[in-house]
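Trainee: Below is the sequence, then the predicted model.
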Amino acid sequence: MPAQSAGLLPYRFGGGRTLEVLVVHPGGPFWANKDDGAWSVAKGEYEPGQDPEEAANREFEEELGQAAPVGDRIDLGELRQPSGKLVRVWAVEGDLDVENVTSNEFEMEWPPHSGKTASWPEVDRAAWMSAASVKRKLSKGQVGFVDRLVVRLQETSESGFSLGS
């Protein structure tokens, strides 16, 4: 069975009713100088038998240092990533402070084959991005979650919104 991850995609309507989503940038030396295609939904792996929505809440709090937004969830389903991993995501409307992200840390050998271990935050920053611009920043395998969110909101929104630029 492929690895499974679960995550949350908070969204809000910014100025001019522009749809914005909250995404995170992975920490560590591999991702330090990468931007386009490097950002992610706040997510993490869970074991078979675990509740994926509970895992999504846990991972959100571990990666951002803040409790997951409370509110009605939109199940955006699963997408298979290029690595083969299955990722399941829920969207939730809310507003969070991205200036004070405090992520848990991970350790790894760095530089490779040096025998030295260093620690880095799992997430080095978070940002609100318009639905249009986030498609360039997100990991290719996760863009479909934003597309699904837009469709669901268009089906239920009475006042309309823009995707920004």
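Mentor: That came through, no problem.

Trainee: The nearest residue to residue 10 once chain neighbours are set aside and residue 66, how far apart?
Mentor: Excluding the flanking residues, the one nearest residue 10 by Cβ to Cβ, 6 or more residues apart in numbering is residue 22, at 4.2 Å. To be clear about C-beta, it is placed using only N, CA and C from the backbone, and glycine gets the same treatment. Applying Cβ to Cβ, to the nearest Å, one obtains 10 Å for the distance of residue 22 from residue 66.

Trainee: and the two? which has more neighbours close in?
Mentor: Ranked by neighbour count (other Cβ atoms under 10 Å), residue 22 and residue 66 place residue 22 first, with 24 against 16.

Trainee: In this structure the more buried one contacts residue 125, no?
Mentor: No - Residue 22 is not in contact with residue 125 according to Cβ atoms under 8 Å; the separation is 11.2 Å.

Trainee: shared neighbours, these two?
Mentor: residue 98 (Cβ atoms under 8 Å, 6 or more residues apart in numbering).

Trainee: Point me to the helix or strand that includes the residue nearest to residue 10.
Mentor: For residue 22, the host element (DSSP states H and E) is strand 18-26.

Trainee: re the thing from before, ok, now which ones touch the residue nearest to residue 10?
Mentor: Listed by Cβ under 8 Å, 6+ apart, the contact set of residue 22 reads 9-12, 42, 96, 98, 126-128.

Trainee: ditto for residue 28
Mentor: Taking Cβ under 8 Å, 6+ apart, we find residue 28 in contact with 106, 108, 120, 124.

Trainee: which residues of the chain fall in strands?
Mentor: With strands called from DSSP state E, the chain shows them at 4-14, 18-26, 42-46, 73-80, 86-93, 105-109, 117-121, 123-130.

Trainee: which residue packs closest to the spatially most central residue of the chain, ignoring adjacent ones?
Mentor: Most central in the chain under Cα atoms, centre = their mean is residue 41, positioned 1.2 Å from the mean C-alpha point. Using Cβ to Cβ, 6+ apart and skipping residues adjacent in sequence, the residue nearest residue 41 is residue 7, 4.2 Å away.

Trainee: Please consider this matter closed, and thank you.
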